[in-house]
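>>> One predicted model, sequence on top.
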Amino acid sequence: MSANGSNYNPGDYNKTGFLAFIGSFGFSIALFFVLGFFFSDIQIDEVIEPPKDGQVIKKLDLATVENPWVSSDELVAHGKKVYKTNCATCHGVSGKGDGPGSAGMAVRNLIEGNWNKGGDSITLYTTLTKGIEGTSMAAFAHIKPVSRWALVHYVRSITNNKVEDDAAAVEAFAKGQ
């Protein structure tokens with residue numbers, strides 16, 4: 001007992017906090033090791049060039065896109081970002097169906113196309129929304145419609161097997177969603 005009659009022992013004061021610190025430090029070191037050796041394709045040294053004199057960098061404001069089913073350079077660029085986040089794991093960074101998540105699965109090579117259900121914009125959008133039953137192609141209905149359309153535009157921009165769209169049918173489909 002201490003002088004004031006309590007069971008306080010200064011040696012036990014912050015043992016739990018110290019152990020939590022050591023544990024989290026060890027976890028952080030292990031995480032960096034795993035990320036560094038197993039995910040070596042992550043580019044941490046990417047240099048983003050600042051705009052040159054007079055150059056204007058346009059950022060796409062998704063809320064202002066009135067007709068996302070009509071392709072534009074900005075929508076294709078946004079679709080590429082959405083692709084990298086949601087699709088590259090299976091379809092690969094370049095779309096060849098060789099992503100790290102494609103092992104043991106039949107994954108579509110988006111460059112070649114060879115579409116089973118048709119490669120027009122309506123079919124691609126529907127596939128993104130509902131997936132393909134009985135395959136590893138999951139539904140991505142959680143992605144906002146404008147971003148799904150941007151993804152359709154990006155996929156169509158990289159494929160060598162473009163299927164012609166009927167612009168009026170695409171517009172009617174999109175407005176009916």
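Perfect, thanks for sending it. Numbering: from 1, shown residues only.
>>> can we go C-alpha only for contacts and neighbour counts from here?
Will do.
>>> Contacts for stretch 22-33 next, please.
Contact with stretch 22-33 is made by no outside residue, as judged by C-alpha atoms under 8 Å, 6 or more residues apart in numbering.
>>> repeat that for 10 Å
The set of residues external to stretch 22-33 that reach it, using C-alpha atoms under 10 Å, 6 or more residues apart in numbering, is Thr16, Gly17, Phe18, Leu19, Ala20, Phe21, Val34, Gly36, Phe38, Phe39.
>>> mind saving the C-alpha coords of it as CSV?
What follows is stretch 22-33 as a C-alpha-only set of coordinates in CSV (Å, rounded to 0.1, in the frame of the first residue of the first chain):
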residue,chain,number,x,y,z
ILE,A,22,4.0,-1.6,-29.7
GLY,A,23,1.3,-3.7,-31.3
SER,A,24,0.1,-0.9,-33.7
PHE,A,25,3.8,-0.1,-34.6
GLY,A,26,4.4,-3.8,-35.4
PHE,A,27,1.2,-3.9,-37.5
SER,A,28,2.3,-0.8,-39.4
ILE,A,29,5.7,-2.3,-40.2
ALA,A,30,4.1,-5.6,-41.4
LEU,A,31,1.5,-3.6,-43.5
PHE,A,32,4.3,-1.6,-45.3
PHE,A,33,6.2,-4.9,-45.9
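>>> Next step: the contacts of stretch 22-33 restricted to helices.
The helices in this structure, assigned by DSSP state H, contain Thr16, Gly17, Phe18, Leu19, Ala20, Phe21, Val34, Gly36, Phe38 from the contacts of stretch 22-33.
>>> what pLDDT does the last one get?
Listed pLDDT for Phe38 reads 67.
>>> for the protein, where's the lowest mean pLDDT among helices and strands?
helix 15-38 (a mean of 83; mean pLDDT, DSSP states H and E).
>>> Compute the distance from the centre of that one to the centre of its chain.
27 Å (C-alpha atoms, centre = their mean, to the nearest Å).
>>> just checking, what packs against the helix or strand where Arg148 lies?
Here Arg148 sits within helix 145-158, counting by DSSP states H and E. Helix 145-158 sits against helix 73-86, helix 121-130, with contacts defined as 3 or more C-alpha pairs under 10 Å, 6 or more residues apart in numbering; DSSP states H and E.
>>> Kindly calculate the angle that that helix makes with helix 73-86.
Relative orientation of helix 145-158 with respect to helix 73-86: 100 degrees, computed using axes from the mean of the first three to the mean of the last three C-alpha atoms, to 10 degrees.
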